[in-house]
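Engineer: Whatever this is, show me its structure:
(chains A and B)
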Amino acid sequence: NAGVTQTPKFRVLKTGQSMTLLCAQDMNHEYMYWYRQDPGMGLRLIHYSVGEGTTAKGEVPDGYNVSRLKKQNFLLGLESAAPSQTSVYFCASSYSTEVRRPGELFFGEGSRLTVL
Amino acid sequence: AQSVTQPDIHITVSEGASLELRCNYSYGATPYLFWYVQSPGQGLQLLLKYFSGDTLVQGIKGFEAEFKRSQSSFNLRKPSVHWSDAAEYFCAVGTNAGGTSYGKLTFGQGTILTVHP
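Structural biologist: Predicted structure coming up:
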């Protein structure tokens, strides 16, 4: 059982380049999320999706785009990479909420991105 | 908006000693509270969660946490630490603020736990 899989795990970009991070989950979860983790700042939500074909902005969405064309996949794109986007990116998924309760998040292993 | 504070950036304990990691939250209503653990190079794994009911919750790996509404705290405890507990621990809060919550969590800054043999 793979759970949540992120690719690639490591990537180095030059400023201005673009790239896409792929997240795939095999748990049939409705909700998916992209977080970034920076030292001393915990995890901050970039974008999230509550179902196929839907996306929404999180806390730090600028410079990123996302798409959820299939229920099991959630893509995070960097249009023009900047050094400030050097970070570790985590994808997570969860079941839909019950009676408005947030569900447990299942995380991927992370993708370490360096922008030079 | 909700927020979470973990006052301790780094804690060092000896193996076999007891552990308490502090977490304070800010939220106007009853929060949903979580503790996650992250081993080096890994994603986060849920240790335990509080939604309602008994304020002392048990989790995996022998951890427990107590919700204290009066202190806006949700501290994580373990009576005897093992070397394998060395990791980074994150407290998180979720809300029941209507349909827009969608399971979004706000995380604290994390506490790194080092265990000495």
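
Engineer: Show me what the longest strand out of those in chain A is packed up against.
Structural biologist: With secondary structure taken from DSSP state E, chain A has its longest strand at strand A:42-51. Using 3 or more C-beta pairs under 8 Å, 6 or more residues apart in numbering or on different chains; DSSP states H and E, the elements in contact with strand A:42-51 are strand A:31-38, strand A:54-57, strand A:64-67, strand A:73-78, strand B:105-107. To be clear about C-beta, it is placed using only N, CA and C from the backbone, and glycine gets the same treatment.

Engineer: closest one to B:V13 among those?
Structural biologist: With C-beta to C-beta, the closest approach to B:V13 among those belongs to strand B:105-107: 22.6 Å.

Engineer: State the mean pLDDT of the helix or strand that the closest one is followed by.
Structural biologist: Counting by DSSP states H and E, the next helix or strand C-terminal to strand B:105-107 is strand B:111-116. Per-residue pLDDT values over strand B:111-116 give a mean of 96.

Engineer: Name the residues of strand B:111-116 that are buried.
Structural biologist: B:T111, B:L113, B:V115 (16 or more other C-beta atoms under 10 Å in any protein chain shown).

Engineer: tally of neighbours for residue 71?
Structural biologist: Using chain A here. Other residues near A:K71 number 16, with proximity taken as other C-beta atoms under 10 Å in any protein chain shown.

Engineer: nope, chain B
Structural biologist: The local packing count at B:Q71 equals 10, with neighbours defined by other C-beta under 10 Å.

Engineer: Over to B:S84?
Structural biologist: Using other C-beta under 10 Å as the criterion, B:S84 is surrounded by 10 other residues.

Engineer: coming back round to it: turn the helices and strands packed on strand A:42-51 into CSV, including mean pLDDT, distance to A:S84 and mean neighbour count.
Structural biologist: Listed next are the helices and strands packed on strand A:42-51 as CSV, based on pLDDT from 0 to 100; distance: least, C-beta to C-beta, whole Å; neighbours: other C-beta atoms under 10 Å in any protein chain shown:
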stretch, mean pLDDT, distance to A:S84, mean neighbour count
strand A:31-38, 94, 10, 24
strand A:54-57, 93, 17, 14
strand A:64-67, 97, 12, 18
strand A:73-78, 97, 11, 20
strand B:105-107, 89, 19, 23
